[in-house]
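Chemist: Predicted model, plus sequence, below.
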Amino acid sequence: MTAPEPQNLTVPEIAQNLAAFAIDRTDLKEILAALPEETQLNLTTFEYELGILKILSVGWGISFFMAAEDKNKTPLSESFWHMIKEISENISTLTETTTGHQIDYFKILKERLDTYIEHLQANPQGAADPAAVMGPAFAGACGCPDNAIAVLTGSKMFSLTLGAVKEYLGAVTIKDIPPS
């Protein structure tokens, strides 16, 4: 996510930009292209799980990098997740149309979020850096918990996404919408 020129944007505009970034697959494709050719990974599962991790990481970025007392934090987070829910409904519908199988993509996101939170709360090695927990949790979600490439890639996606969200939030100012 490239940081914009300093802008004064509304909560819905920022949420829309963050949601667009969360589902953008450009960086996923770059990460996949950089993987060693002789990897033992199921690349379809790997790409699918990277997309989920990126979406969740953007949501966490909002929580991590906005001050608790910021009056815009809750509206921005709610607006972001509402947009992700709408996108998820479209993904679910498209998947059902193309495969004939019903899925609830937003439910999948919530389940994966719960799994990642469990890993963060357990943190058996006492890691101070959440990326050190997220990498192994990501590898587990991919079905290859002992694969170093999966662990490192999950850590990288988590860290890069959080960094991009932090940079973006630091480059924008949230303007109040005048009452109508």
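Modeler: Looks like it came in fine.
Chemist: Ends of stretch 33-47, what's the gap?
Modeler: Start-to-end span of stretch 33-47 (Cα to Cα, to the nearest Å) is 11 Å.
Chemist: Which positions within that stretch qualify as buried?
Modeler: 41, 46-47 (16 or more other Cβ atoms under 10 Å). Bear in mind the C-beta positions are built from the backbone N, C-alpha and C, glycine included.
Chemist: same thing with stretch 133-148?
Modeler: 133-142, 144, 147.
Chemist: Which ones among those lie within strands?
Modeler: Among the buried residues of stretch 133-148, no member falls in strands (DSSP state E).
Chemist: Which positions in the lengthiest helix in the chain come out as buried?
Modeler: For the chain, the helix reaching the highest residue count under DSSP state H is reported as helix 73-99. Across helix 73-99, burial judged by 16+ other Cβ under 10 Å covers 73, 75-77, 79-81, 83-84, 87-88, 91-92.
Chemist: Farthest-apart pair in the residues you listed, please.
Modeler: For the buried residues of helix 73-99, the farthest-apart pair by Cβ to Cβ is K73 and S92; their separation is 28.3 Å.
Chemist: Look up phi and psi at I174.
Modeler: Dihedral pair for I174: phi -90, psi 120, per degrees, to the nearest 10.
Chemist: quick one: contacts for it?
Modeler: Taking Cβ atoms under 8 Å, 6 or more residues apart in numbering as the contact definition, I174 lies against 8-11, 14, 72, 76.
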